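Asker: No letters, just coordinates:
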């Protein structure tokens, strides 16, 4: 153990990773072994990060996009002495990742899960694992840094974002979209480090990957650098310095490495990628490192102290200087400083919803819910300046244009209108990145194309980020564009996702309530699902208040002269059909109730007494009406009810013709409702 302290620290990262994977008998040791010098050089000498205050707003971000190499990050968090942050954003005296946690790698409830998880382990800036999602999210982080700097001043916000990616990240389609977007926006605060080791699970990447990565990124408008040896910390340091000196272009640093570096028998093999080295090979590798072969989870004297004296001291000084600048800013810009403090708490200004529109009844012409949404969104944006809106080349089609906002672009990074281009994968991930910096972002596309962003939507739910995913053209009711654009299975798919509230409002006033829910969320994303076509604005003097949306579902219209014999349940544009049938059934002496159920997730969180009040268990005659897959509706209609949904894709025709073709008319809903009521009556006699 005579090596210099920096080499000793690098080998500590390697051996901790090897030992943790071996003890768990699960994991990926090879990349932490090869990239330990890269992570060490970056964290120690370049990353502006204070381990004692790991959530200060202007810290640099480090994203391990190659999330399978999680032990690399956990080793860095442990050795750097990162403090744990509690659920209320208070920095504690506890280590974020103790040695005991590293020894519990991949075990139940440990802070060292198989892939890094945001909000679970302090120091993890975003959940990674699905390849490419980390680099996609990093683009949003860089966008947030630029926006914050342009809005509040570069003396307060100018953080850089580093993302470590592997071959898999760059093969995934999202990386192409994110790199293209970052190049277009000239995000010179974004640095991707490409671990060029030529190995994936199946073997040599030449099996399926022969891209000229350098030329590809040059074509995106990136500054491309190359380091020929991952162990050359001096050259790595020079590359990081060049990144920080670059203006007008993001940077890609291609680092040539050997996976499983130092392993006599497994270096440069796929077995070093996805399985433990084995006890015998670990002993041989430790001998190569000059390490005691029998030592387990060894942190030699001086290593932790070395981290403290370099990144610890540098980070503390940078953080302290930032606090002084913020205090000075606060003394002369009290209102702006208050905004920043609210943002960090994910709080909202008092009265943010005071001027939201209220829509007059209009059951003839009506209003598309996407159009109503835009009016609400603009009213919110006036009160919440950190609301950022974007679309995938559909700004007016999805109705997300902020009326007084500038476009977010180079030279105008304080703009609040983002044009993501036709890049749904990147848009969804970038909004998660912006949300980690405490902005309130929304992105939009047609509901059928939500599938493109699904992986990032899922991660926003896992990370509990209050991103607004806004989808329009929500049913076969969009008409002539046909089945490629008419969503059928998307609602069911989104509803199946834990921790995501899917809200499909029936009219303009339900839209207002949906937006209140979305903005009130601090740890939950929301999918707002809107119509393209006009729908009636219901007469709320005749029907119940739209405030019932706050409980997920409510009785919109009820029977007269006794308890209902039949319940009609619908969402979105189909609520009008249920109301029409309700009126006809009443004329025939059949007592019915109409329940608007815009958000299943919120409704299911209500107490049982409320749910039974809305959907009395004794009323088994029920009809659900939704122009989408019937999957899931069984829980609400039971065995005695009927589900009017879509079991095929739609057709191309004017929307009234399409809806009639598939039975979504007042006449047909009334017919089905009568049949269900008659069947229920017979079963009780």
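Answerer: It's in. This structure is a prediction, so every number in the text was calculated from the model and none was measured.
Asker: got the phi/psi numbers for residue 61?
Answerer: phi -110, psi 140 (degrees, to the nearest 10).
Asker: For it, which residues are in contact?
Answerer: Residue 61 makes contact with 125, 138, 141, 159-162, 436, according to Cβ atoms under 8 Å, 6 or more residues apart in numbering. The C-beta positions use only the backbone N, C-alpha and C, and glycine is treated the same way.
Asker: who wins for most neighbours among those?
Answerer: Neighbour tally across the contacts of residue 61 (other Cβ atoms under 10 Å): the maximum, 33 neighbours, falls on residue 138.
Asker: mind listing what that residue touches?
Answerer: By Cβ under 8 Å, 6+ apart, the residues touching residue 138 are 61, 63, 65, 126, 161-163, 178, 190, 192, 433.
Asker: center of this structure - which residue?
Answerer: residue 460 (2.4 Å; Cα atoms, centre = their mean).
Asker: surely it meets residue 434?
Answerer: No. Between residue 460 and residue 434 there is no contact under Cβ atoms under 8 Å: 10.9 Å.
Asker: Can you lay out the contacts of residue 61 as a markdown table showing secondary structure and pLDDT?
Answerer: As requested, the contacts of residue 61 are exported to a markdown table (DSSP: H, G, I helix; E, B strand; the rest coil; pLDDT from 0 to 100):
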| residue | secondary structure | pLDDT |
| --- | --- | --- |
| 125 | coil | 98 |
| 138 | helix | 98 |
| 141 | helix | 99 |
| 159 | coil | 98 |
| 160 | coil | 98 |
| 161 | strand | 98 |
| 162 | strand | 99 |
| 436 | helix | 98 |
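Asker: out of these, who's nearest residue 683?
Answerer: residue 436 (54.2 Å; Cβ to Cβ).
Asker: Which residues are in contact with that closest one?
Answerer: Counted by Cβ under 8 Å, 6+ apart, residue 436 has contacts 61, 118, 125-126, 137, 140-141, 144, 463, 465.
Asker: next one: residue 382
Answerer: Neighbours of residue 382 in contact, by Cβ under 8 Å, 6+ apart: residue 355.
Asker: Next one: it from residue 441, what distance?
Answerer: Remark: distance between residue 382 and residue 441 (Cβ to Cβ, to the nearest Å) = 17 Å.
Asker: where's residue 682, which helix or strand?
Answerer: Per DSSP states H and E, residue 682 falls inside helix 666-683.
Asker: Also residue 101?
Answerer: helix 99-103.
Asker: what comes up buried for that helix?
Answerer: Under the neighbour-count criterion of 16 or more other Cβ atoms under 10 Å, helix 99-103 has 101-103 buried.
Asker: List of residues touching it?
Answerer: Helix 99-103 has contacts (Cβ under 8 Å, 6+ apart) with 16, 20, 23, 71, 74-75, 78, 110-112, 297, 299.
Asker: Can you report how many residues neighbour the residue lying closest to residue 268 once chain neighbours are set aside?
Answerer: Nearest residue to residue 268, sequence neighbours excluded (Cβ to Cβ, 6 or more residues apart in numbering): residue 258, at 5.4 Å. A count of nearby residues for residue 258, using other Cβ under 10 Å, gives 19.
Asker: Residue 258 belongs to a helix, doesn't it?
Answerer: No. Going by DSSP: H, G, I helix; E, B strand; the rest coil, the assignment for residue 258 is coil, not a helix.
Asker: Tell me the neighbouring strands of the host helix or strand of residue 470, and mark each as parallel or antiparallel.
Answerer: Using DSSP H and E, residue 470 falls within strand 468-472. Paired neighbours of strand 468-472 in the sheet (DSSP bridges): strand 440-446 (parallel), strand 526-529 (parallel).
Asker: isn't residue 628 right up against residue 494?
Answerer: No. Using Cβ under 8 Å, residue 628 makes no contact with residue 494, being 10.3 Å away.
Asker: mind listing the strands in the stretch 1-150 of the chain by residue range?
Answerer: Counting by DSSP state E, counting those that start in this stretch, one finds strands in the stretch 1-150 of the chain at the ranges 61-64, 83-85, 91-95.
Asker: which helices and strands does the last one pack with?
Answerer: If you count contacts as 3 or more Cβ pairs under 8 Å, 6 or more residues apart in numbering; DSSP states H and E, strand 91-95 packs onto strand 83-85.
Asker: what's the answer for the second one, then?
Answerer: Other elements packing on strand 83-85 under the criterion 3+ Cβ pairs under 8 Å, 6+ apart are strand 91-95.
Asker: Just the buried residues of the strand it packs on, please?
Answerer: 91, 95.
Asker: re the thing from before, could you turn the buried ones of the contacts of helix 99-103 into a PyMOL selection?
Answerer: Selection of the buried residues among these in PyMOL, burial being defined by 16+ other Cβ under 10 Å:
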select buried, resi 16+20+23+71+74+75+78+110+111+112+299
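Asker: Please identify which pair of the contacts of helix 99-103 lies farthest apart.
Answerer: In terms of Cβ to Cβ, the contacts of helix 99-103 reach their longest pairwise distance at 110 and 299, which sit 18.1 Å apart.
Asker: Okay, strands next: where are they in the stretch 151-300 of the chain?
Answerer: Shown for the stretch 151-300 of the chain, the strands assigned by DSSP E, counting those that start in this stretch span residues 161-165, 190-196, 199-200, 203-204, 223-227, 251-256.
Asker: would TSV of those with distance to residue 577 be doable?
Answerer: Below are those laid out as TSV (distance: least, Cβ to Cβ, whole Å):
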stretch	distance to residue 577
strand 161-165	48
strand 190-196	49
strand 199-200	51
strand 203-204	56
strand 223-227	57
strand 251-256	53
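Asker: Surely residue 404 is in a strand?
Answerer: No. Residue 404 sits outside any strand when classified using three-state DSSP, being coil.
Asker: quick one: pLDDT of it?
Answerer: At residue 404, the model reports a pLDDT of 90.
Asker: swap in the one 3 residues further on?
Answerer: Reading off the per-residue confidence, residue 407 sits at a pLDDT of 98.
Asker: Quick check: it touching residue 413?
Answerer: No. Checked against Cβ under 8 Å, the pair residue 407 and residue 413 is beyond contact range at 10.3 Å.
Asker: Of the two, give the one with the bigger neighbour count.
Answerer: With neighbours defined as other Cβ under 10 Å, residue 407 and residue 413 compare such that residue 413 has more, 20 against 12.
Asker: what about the more buried one, distance to residue 148?
Answerer: In terms of Cβ to Cβ, residue 413 sits 9 Å off from residue 148.
Asker: again, but for residue 258
Answerer: According to Cβ to Cβ, residue 258 and residue 148 sit 39 Å apart.
Asker: before we move on, the earlier item: tell me the most packed of the contacts of residue 138, by neighbour count.
Answerer: Comparing the contacts of residue 138 by number of neighbours (other Cβ under 10 Å), residue 178 comes first, having 34 neighbours.
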